[in-house]
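Novice: Predicted coordinates and the sequence they were generated for:
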Amino acid sequence: MQGLAMTLPASLAAERDGAVAILKLARPLKRNALDDETILGIETFFTALPDGIGAVVLHGEGEHFSAGLDLGELKERDVTQGIAHSGLWHRVFDKIQFGKVPVVAVLHGAVVGGGLELAACAHVRVAEHSTYYALPEGSRGIFVGGGGSVRLPRLIGVARMADMMLTGRTYSAEEGQAMGLTTYLVDVGKGLRKGLELAARIAENAPLTNFAVMHALPRIAEMDPAGGLAMEALMSSIAQADGEAKARLKAFLEKRGPKATRS
Ligand code: 1HE
């Protein structure tokens with residue numbers, strides 16, 4: 001592991017393992033609650049990612065991934081400031097979802113409120129069995145503000161999200177896995193290792209493939225079918241024309257490339 005040359009607040013820690021950058025929410029005494037300084041630090045991290053980084057792992061220190069919005073900061077805001085604050089989260093979280101490289105989120109313990117909104121920005125999610133999901137905004141008299149109403153229904157559906165907010169229902173790690181919120185479920189203490197393994201694999205992909213999965217795929221999925229197919233044809237021909245694709249196809253045809261085997 002090496003350090004990363006960037007200035008982050010004490011609530012975050014960053015390091016590098018080869019082509020993988022690791023961002024840790026490091027405010028365990030406050031259950032990794034997300035204050036403005038931390039949100040701006042996340043923006044700094046994703047903006048300052050150096051060349052040579054091909055994927056990011058995001059995880060949390062302590063017993064919980066994140067308790068969401070720092071409620072201590074909330075009580076001071078009026079309506080106008082609230083809109084600006086939500087806009088700040090939207091800007092920063094867009095930088096995660098539509099940034100330079102794919103992000104693997106490793107979840108454990110509470111993944112609640114804004115913590116779940118943050119996890120929803122990642123491209124791959126790994127949960128340890130200790131993970132649980134909640135949207136306590138309902139009981140606090142507020143609403144999601146970090147893109148949750150846009151991203152979460154696409155992952156779990158409007159009905160489940162409404163239920164979580166209206167009734168305080170929580171979902172377990174196993175339920176989250178079954179409903180597609182995560183695509184990997186691992187034993188307690190094994191999440192980071194799994195996340196690093198996945199991120200290292202992602203970092204080996206051709207950069208244009210990762211770009212297409214991050215930027216083209218979710219937009220195509222939202223388009224009308226005819227527009228989507230046209231966009232897919234364009235993206236696919238751009239990727240194919242790249243030297244990286246040609247080299248990889250040649251390697252396979254010369255029996256040097258990896259096969260698609262059962263994992
Ligand atoms: C906090 C926060 C927080 C803990 N903001 N300080 N999120 C919530 O409504 C969830 C609120 N938190 C909890 O329900 C619990 O803290 C947990 C289930 C996550 C963890 O419980 P536990 O027993 O391990 O910890 P704790 O004793 O509750 O908290 C430890 C400390 O962290 C304590 O501070 P201390 O100074 O008394 O030690 C807590 O006050 C502090 N803490 N969570 C501030 N969230 C952009 S819109 C997004 C909208 C939302 O995210 S709303 C959901 C907010």
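Specialist: Happy to help now that I have it.
Novice: Just the C-alphas of stretch 189-207, formatted as CSV.
Specialist: C-alpha atoms of stretch 189-207 as CSV (Å, rounded to 0.1, in the frame of the first residue of the first chain):
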residue,chain,number,x,y,z
GLY,A,189,-14.4,-9.1,7.8
LYS,A,190,-14.0,-10.3,4.2
GLY,A,191,-15.5,-7.4,2.4
LEU,A,192,-12.4,-5.3,1.8
ARG,A,193,-10.4,-8.2,0.5
LYS,A,194,-13.2,-9.1,-1.9
GLY,A,195,-13.6,-5.4,-3.0
LEU,A,196,-9.9,-5.1,-3.7
GLU,A,197,-9.9,-8.3,-5.7
LEU,A,198,-12.8,-7.1,-7.8
ALA,A,199,-11.3,-3.6,-8.2
ALA,A,200,-8.0,-5.1,-9.4
ARG,A,201,-9.8,-7.1,-12.0
ILE,A,202,-11.8,-4.1,-13.1
ALA,A,203,-8.6,-2.0,-13.4
GLU,A,204,-7.3,-4.6,-16.0
ASN,A,205,-10.1,-3.9,-18.4
ALA,A,206,-9.6,-1.7,-21.4
PRO,A,207,-10.3,1.9,-20.3
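Novice: I would like the residues contacting that stretch, please.
Specialist: 17-20, 22, 53-57, 59, 101-102, 104-108, 124, 126-128, 184, 186, 210, 239, 242, 244-245, 248 (C-beta atoms under 8 Å, 6 or more residues apart in numbering). For glycine as for every other residue, the C-beta is placed from the backbone atoms N, C-alpha and C.
Novice: Same question for stretch 157-171.
Specialist: 132-139, 143-144, 148-149, 152-153, 179, 181.
Novice: Just the buried positions in it, please.
Specialist: Using 16 or more other C-beta atoms under 10 Å as the burial criterion, the residues of stretch 157-171 that qualify are 160-161, 164-165, 170-171.
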